[in-house]
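> I would like to see how this sequence folds:
(one chain, ligands or ions: 2)
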Amino acid sequence: METKLILKDPTLLRQLCHVGGHWVAADSEETVAVANPATGVEVGRVPYFGASETRRAIEAAEAALPHWRSLLAKERGRLLRAWFDLIIDNQEDLARILTAEQGKPYLEALSEVVSGAQFIEWFAEEARRAYGETIPTPAHDRRIAVIKQPVGVCAAITPWNFPNTIITRKAGAALAAGCTMVVRPATETPFSALALSELAARAGIPAGVLNVVTGHPQDMGRELTTNPVVRKLSFTGSTAVGKMLMEQSASTIKKLALELGGNAPFIVFGDADIEAAVEGALASKFRNSGQACVGANRFYVHDSIYEQFAAELVKRVEQLHVGDGADPAVTMGPLINAQAVEKVESHVADAVAKGARVLTGGKRHDRGGAFFEPTVIADVTRDALVSCDETFGPLAPLFRFTDERELIDAANATEFGLAAYLYSRDIGRIWRVAEALETGMVGINVGLMANESVPFGGIKESGVGREGSHYGLEDYLEVKYLCMGGIQ
Ligand SMILES: NC(=O)c1ccc[n+]([C@@H]2O[C@H](COP(=O)([O-])OP(=O)(O)OC[C@H]3O[C@@H](n4cnc5c(N)ncnc54)[C@H](O)[C@@H]3O)[C@@H](O)[C@H]2O)c1
Ligand SMILES: O=C[C@H](O)CS(=O)(=O)O
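Numbering: from 1, shown residues only. Ligands and ions are numbered 1, 2, ... in the order given. Predicted coordinates:
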């Protein structure tokens, strides 16, 4: 069934780049098509920028910086609040655009738009809390102060899986701090970013403060990482690309925020509330068809409750309704593309070849295209690909464990360290295991934990820096030490 994108405000579907307050095409007039992953139908086309157009966007952000950083923090906060209000007023259209370009079910898209808006709301308030400090002087004739100043022109390169909230958590913090930004969204999902940029303009955020550019990833990335005007790069995406961008950024010593790949362990102890653990597993694993960096990638279930947990999880997974996210009855959409389907398929085949059992799903969905059956496999061995490689799809591999120490070693046996989840009602075990897990975030008896008020981010090869919370604002501020002498 082909579902046409119908918007209350069709002008929110922008098919040009937003640079310095103008909607512009690529110099070559070249465009790239964006297809709905559920239907393959073209949603629209966007310009295919290269390095020179990207450079002009950076120049626009540079030109806008002096005025924007000179505003009072509360003035920037008011403009961000107006942006938040417009996002909320237009949430249905933003969600429809998101579902059309990314594929997630409409209600998930709506939830993402609202949670994304809450980052703007949070930083509208935080803008006024870029506090400095005074330090007791070491000498009678001098006084010490520390002030915070905006980093300057910032760049953001973002992925396709959460094309709204991953942009607002960066842009909200940057603009609140007094920075300006050039955002390059994923080629697969540009329209959410362009719509956000249109609403920012409507909110009164001055031209050039927020710029959104689409096009050649490598050429644009190299400009954003090597242009000395850009003082910070915030990247969310795979660890492989993150490493590349980190290297490219070294030539101009840019500040970096890297939100990279994950391989989250989801641990269920024998004393866990199994019903709660199953609900948490469903949310953590199958949200966005499993395409979430913080999503559970491996399930470690204590032997004493293994079969019960597996049976309960399979029952809930088999209730998922797979289809076009625009259909209100659908609770799991397609993957982003054929390559994503092939990766899930390869992980299932590898695990089964090493002795795993398919409990439900396990193959491409009858709908074809980018659809895959929500899958649960049991008795997965520690040497299975899915144990060390991020599946990024609707596959729940269940590993058995008995010993807590062995479990912790298995959970930490990965180069990633973004999120982990543990279900137990033993307070001593909760603290022991939560402190031992090598991740930036631990969900305890919860399956979803991201929100605007918490420091979101990873360790090891899952990245550096934090987004959201007051930590997120600090990441866009420079610390300046003032030493005043001559005090009589
Ligand atoms: N840690 C987090 O918060 C977080 C959130 C979402 C996704 N991710 C990770 O992102 C990955 C999936 O997203 P993806 O497939 O979009 O990742 P990706 O790294 O392939 O792409 C991310 C962005 O980088 C761009 N890009 C790709 N190659 C580039 C290059 N050479 N130079 C400049 N830009 C380039 C892409 O066009 C896209 O906009 C997963 O590994 C997932 O774990 C992490
Ligand atoms: O892919 C992970 C994103 O960061 C989504 S969320 O922050 O968990 O909503």
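
> The residue nearest in space to the middle of the chain and Val294: what is the separation?
The C-alpha lying nearest the average C-alpha coordinate of the chain belongs to Ile166 (Cα atoms, centre = their mean; 4.2 Å). Distance, Ile166 to Val294, by Cβ to Cβ, to the nearest Å: 12 Å. From N, CA and C alone the C-beta is placed, and that goes for glycine too.

> same thing with Val146?
Taking Cβ to Cβ as the measure, Val146 and Val294 are separated by 34 Å.

> When those two are compared, which one has more neighbours?
Higher neighbour count among Val146 and Val294: Val294, with 25 against 13, using other Cβ atoms under 10 Å.

> excluding its backbone neighbours, what's nearest that one?
Using Cβ to Cβ, 6 or more residues apart in numbering and skipping the chain neighbours, the partner closest in space to Val294 is Ala419 (4.1 Å).

> so Ile87 touches Gly116, yeah?
Yes. Using Cβ atoms under 8 Å, Ile87 is in contact with Gly116, at 7.2 Å.

> shared neighbours, these two?
Each of Thr168 lies in contact with both Ile87 and Gly116 under the rule Cβ atoms under 8 Å, 6 or more residues apart in numbering.

> List the residues that contact the closest residue in space to Gly204 that isn't next to it in sequence.
Using Cβ to Cβ, 6+ apart and skipping residues adjacent in sequence, the residue nearest Gly204 is Leu79, 5.4 Å away. Counting by Cβ under 8 Å, 6+ apart, Leu79 touches Leu71, Leu175, Ala203, Gly204, Ile205.

> Farthest-apart pair in those, please.
Farthest-apart pair in the contacts of Leu79 is Leu71 and Ala203; separation 13.7 Å (Cβ to Cβ).

> In the stretch 51-200 of the chain, which residue sits closest to ligand 2?
Phe162 (4.3 Å; Cβ to the nearest ligand atom).

> count of residues packed around the closest residue to that residue other than its chain neighbours?
Closest residue to Phe162 apart from its sequence neighbours, by Cβ to Cβ, 6+ apart: Glu112 at 5.9 Å. Applying other Cβ under 10 Å, we find 27 residues neighbouring Glu112.

> Let's verify Glu112: helix, strand, or coil?
With DSSP: H, G, I helix; E, B strand; the rest coil as the basis, Glu112 sits in helix.

> What residue in the stretch 151-300 of the chain comes nearest to ligand 2?
Cys293 (3.5 Å).

> Going along the chain, name the helices of the stretch 351-488 of the chain.
Ranges of helices in the stretch 351-488 of the chain, per DSSP state H, counting those that start in this stretch, are 385-388, 404-412, 427-436, 469-474.

> Am I right that the residue nearest to Val294 is in contact with Gly447?
No. Under the criterion of Cβ under 8 Å, Ala419 makes no contact with Gly447, lying 10.2 Å away.

> quick one: which of the two has more around it?
Shown here are Ala419 and Gly447; by other Cβ under 10 Å, Ala419 has more neighbours (30 against 23).

> how near is the more buried one to Glu75?
Counting by Cβ to Cβ, the gap between Ala419 and Glu75 amounts to 36 Å.

> what does His216 give?
Here His216 is placed at a distance of 36 Å from Glu75 (Cβ to Cβ).

> Show me which of the two is the more surrounded one.
Shown here are His216 and Glu75; by other Cβ under 10 Å, His216 has more neighbours (20 against 12).

> Quick one: residues contacting that one.
Listed by Cβ under 8 Å, 6+ apart, the contact set of His216 reads Tyr48, Phe49, Gly50.
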